[in-house]
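K.L.:
predicted model and sequence below, questions to follow.
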Amino acid sequence: VQLVESGGGLVQVGGSLRLSCAASGFHWDSLGIGWFRQAPGKEREGVACKGVGNEEYSHSVRGRFTISSDSAKYTVYLQMNDLKPEDTASYYCAATYATYCDVNSDTYFSWGQGTQVTVSS
């Protein structure tokens, strides 16, 4: 099983990025994906997840970030709009087989290597 993130980079305040999480080796129809981020010196934060039965967003990104998936490509995306300096972090995707995802749960069992997002002011 493997998750590979891509799409990070440097963007100005107010800009947009789309992160990708390509999954391989999983039971796709049962798979949920969570997006997490961690900034230096801060705890890891769950920002969004897409489960079989739901989607969830943290308060800090709701209305600005959108999670979606492409089953043909076994890929989950995180569209990030109106980016702010506080969005700067390493972003990770993780896999769960929980029917209803929760960014605060401990059901994520496989993690990608991360992709860096830097928002400059």
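P.N.:
Arrived safely.
K.L.:
now stretch 76-84: buried residues?
P.N.:
Within stretch 76-84, the residues scored as buried using 16 or more other Cβ atoms under 10 Å are 76, 77, 78, 80, 83. C-beta: built from backbone N, CA, C; applies to glycine.
K.L.:
go ahead and flag the most central residue of the protein.
P.N.:
Nearest to the mean C-alpha position of the chain, by Cα atoms, centre = their mean, lies residue 35 at 2.3 Å.
K.L.:
ok, residues contacting the helix or strand hosting it?
P.N.:
Element membership for residue 35, per DSSP states H and E: strand 32-38. Residues outside strand 32-38 that contact it (Cβ atoms under 8 Å, 6 or more residues apart in numbering) are 3, 19, 21, 23, 44-52, 65, 67, 69, 76, 78, 87, 89-99, 101, 103, 108, 117.
K.L.:
want to try a markdown table for the buried residues of stretch 76-84, with pLDDT as columns?
P.N.:
As requested, these are arranged in a markdown table below (pLDDT from 0 to 100):
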| residue | pLDDT |
| --- | --- |
| 76 | 98 |
| 77 | 98 |
| 78 | 98 |
| 80 | 98 |
| 83 | 98 |
